[in-house]
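Participant: Here is a sequence with its predicted model. Questions after.
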Amino acid sequence: MPRPNVAQFAYGSATVICSALAMLLLSQARSGLGVIVIAFAALALGVLVALTAPAPRATRKRATAVGAAQGTPVPVQQPASTTAAAAAPAAAARIAEPTLRR
């Protein structure tokens, strides 16, 4: 399981604090058991928010390297040509190739 980033910690912590305060104010819980139930509910909600917060995407270099390590075909870049006559066959070949998207 990947480690949560700073934004996920911030979203989860803010959710725990705000939801706990809101539930305590709305329920007007005075007993210890009521406060404990609200605290656990706020914690569970904060964990849910932290886990569903979007994680940063992998960079293209890292995704390509991971794909190569897992046996996924990696596209090969062709060198750029300097003349239009040399570029025409390469452009036609690129158009004919099916594009792979994830």
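Facilitator: Alright, I've got the coordinates.
Participant: When you work out contacts or count neighbours from here on, use the C-alpha atoms and nothing else.
Facilitator: OK.
Participant: For burial, what's the neighbour tally of the closest residue to G46 other than its chain neighbours?
Facilitator: Counting by C-alpha to C-alpha, 6 or more residues apart in numbering, G46 lies nearest to G12, which is 4.3 Å off, once chain neighbours are set aside. The number of residues packed around G12, counting by other C-alpha atoms under 10 Å, is 23.
Participant: Distance-wise, check G12 relative to G34.
Facilitator: 22 Å (C-alpha to C-alpha, to the nearest Å).
Participant: average model confidence for stretch 14-32?
Facilitator: Mean pLDDT, stretch 14-32: 92.
Participant: Can you give me the buried ones in that stretch?
Facilitator: T15, V16, S19, A20, M23, L24 (16 or more other C-alpha atoms under 10 Å).
Participant: follow-up on the earlier one: what about the residue nearest to G46, helix or strand, and which?
Facilitator: Under the criterion of DSSP states H and E, G12 resides in helix 6-27.
Participant: helices or strands next to that helix in the packing?
Facilitator: Using 3 or more C-alpha pairs under 8 Å, 6 or more residues apart in numbering; DSSP states H and E, the elements in contact with helix 6-27 are helix 32-52.
Participant: roughly how far apart are the residue nearest to G46 and A53?
Facilitator: G12 is 9 Å from A53, where distance means C-alpha to C-alpha.
Participant: pLDDT weak spots in the chain?
Facilitator: 1, 56-102 (pLDDT under 70).
Participant: Swap in 90 and give it another go.
Facilitator: In the predicted model of the chain, residues 1-9, 11, 29-30, 50-102 satisfy pLDDT under 90.
Participant: need the contact list for the residue nearest to G46.
Facilitator: L45, G46, V47, L48, V49, A50 (C-alpha atoms under 8 Å, 6 or more residues apart in numbering).
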